[in-house]
Structure formats: structure tokens, C-alpha cells
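In: Next one to model:
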Amino acid sequence: MTGARCDRVVTAGTFSLDGGTWDVENNVWVVGDAEECIVIDAAHDAKPILEAVAGRRVLAVLLTHAHDDHIGAAGDLSAATGAPSYLHPGDRVLWDRVHAFAPDQELADGDVFEVGGIRLRVLHTPGHAPGACCFYSEELGAVFTGDTLFQGGPGATGRSFSDFPTIIDSIREKVLSLPPATVVHTGHGDDTTVGAEAPDLDAWIARGH
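Out: Numbering: from 1, shown residues only. All right, here's what the predicted structure looks like:
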């Protein structure tokens, strides 16, 4: 096993879409070893994220999707670390509502990022947002799902650019196909596992949201 670790940073702010604004707390994940790391999501405020980075070299800022609560600190974080931001092009329509500048690089399904002796594989999982992505590490036995899958069910699909059947297909094909013991590190709230969520798929479909 490598010396890689995964640190969670919780940041607080707001999420705004479709004319509404809500107070939210977000999980930001810093994955790496003592020398280098990758940041997953850039929520609200760069300062606590930089404190968790603790002077390490940041290789990339990977964005699970472009709702404003997940990308608000992307510019500040990239400026402070020199690390490029990565976003799936399907979410540019959301990104452009928040930032006047473009993300540095595009994500694509199957891309692999290496850090601290582990790999993060990009899983394109549209539904909550068109360009939503998860990041899977076999070495860590974990998947970072953003707002695609939470403890207790799929992410919300009741707002613009979201679709319930699409998120169900994404979860079934890309997430629940992972080993049952895989830890699910979410964009908000507590962890779960693939095995804990998989039995409820039919109930989510019956509920329809």
C-alpha cells in the first residue's frame, strides 16, 4: 500500500440555481501523500482547502460538476497552487453562469490521474448535471461521487440541466458496478458504501426522484 491518504475539508456557503438560494456545507477531498495531492472540488472558500494542502504540490483540481457551490473557489485555488482545474465539457453551461474565465482542462470518461502512488479514474455520470463525474480509486477502495450518489440515494434532479432517468442509469452502470466494499465519499454529508446503497436502487426508481 502506498502512503496516500484522503483528507476531508468541510466548507460552508450557498448554492444558487433557478432563482433560489440555499445554505449548504460541502465536502472537499484532498487525496495524495506527504509530497503531492489532488483536490476534488473547490467549494466556497480556498483558505481551508489550502490549509489541508499544507504546502504540498497540487497536481490538479478535479471538479465533480459545475454547480456554484462546487466551483466557487476554483480560480483562487488554481491561482494559489498553480494547479489546473478540470471540468467535463458538458457542464460548461453551468460553469459560465459562475465564472467569466474557462476551466483549464477538460475531463473525459476513462481519464486517469496519478498522485501519491494511487490512480483516480474518471467516471462520467450525468444526471445531477450533464457533465457530472465521479472519481474512482481502486487502491483507496473509494469513489468520490460529488452529488451523484449520497448516503440514502441519488443526487437531486429537480432543477435545470438535471434528469432522473439519466442519473439512475449513471449510478447503476458506473457506481453500483464497483466492488461492494467501495467507500462512497460524497459531495455533502456522510460516507456510505456501494454495498449499502445497491439494494435500494429499485426503491429509488419507484420513488421517481
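In: Surely Glu197 touches Leu178?
Out: No: Glu197 lies out of contact with Leu178 (C-beta atoms under 8 Å); the separation is 10.7 Å. To be clear about C-beta, it is placed using only N, CA and C from the backbone, and glycine gets the same treatment.
In: tell me what the lowest-mean-pLDDT helix or strand in the chain is packed against?
Out: One helix or strand of the chain scores below all others by mean pLDDT, DSSP states H and E: helix 201-207, with a mean of 92. The contact analysis (3 or more C-beta pairs under 8 Å, 6 or more residues apart in numbering; DSSP states H and E) places helix 201-207 against helix 164-170.
In: From the chain's centroid, how far away is the one helix or strand Val30 maps to?
Out: In this assignment (DSSP states H and E), Val30 forms part of strand 20-32. Offset of strand 20-32 from its chain centre (C-alpha atoms, centre = their mean, to the nearest Å): 9 Å.
In: With stretch 180-198 instead?
Out: From the chain centre to the centre of stretch 180-198 is a distance of 13 Å (C-alpha atoms, centre = their mean).
In: Can you dump the C-alpha atoms of that stretch in CSV for me?
Out: The C-alpha coordinates for stretch 180-198 follow below in CSV (Å, rounded to 0.1, in the frame of the first residue of the first chain):
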residue,chain,number,x,y,z
PRO,A,180,-19.5,-3.6,-2.8
ALA,A,181,-16.9,-2.6,-0.2
THR,A,182,-16.0,0.6,-2.1
VAL,A,183,-16.4,3.6,0.2
VAL,A,184,-18.5,6.4,-1.3
HIS,A,185,-17.1,9.8,-0.5
THR,A,186,-19.9,12.3,-1.2
GLY,A,187,-20.1,16.0,-2.0
HIS,A,188,-22.3,16.6,1.1
GLY,A,189,-22.8,14.7,4.3
ASP,A,190,-21.6,11.3,5.4
ASP,A,191,-19.8,8.5,3.6
THR,A,192,-21.6,5.3,2.6
THR,A,193,-20.6,2.2,0.6
VAL,A,194,-21.6,0.8,-2.8
GLY,A,195,-22.9,-2.3,-1.0
ALA,A,196,-25.0,-0.3,1.4
GLU,A,197,-26.7,1.6,-1.4
ALA,A,198,-27.1,-1.0,-4.2
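In: Just give me the neighbour total for Ile118.
Out: Per other C-beta atoms under 10 Å, the neighbour tally for Ile118 reads 22.
In: Give me the pLDDT for the spatially closest residue to it that is not a sequence neighbour.
Out: Once flanking residues are discounted, Ile118 sits nearest to Glu139: 4.0 Å by C-beta to C-beta, 6 or more residues apart in numbering. We note a pLDDT of 97 for Glu139 in this prediction.
In: Perfect, that will be all.
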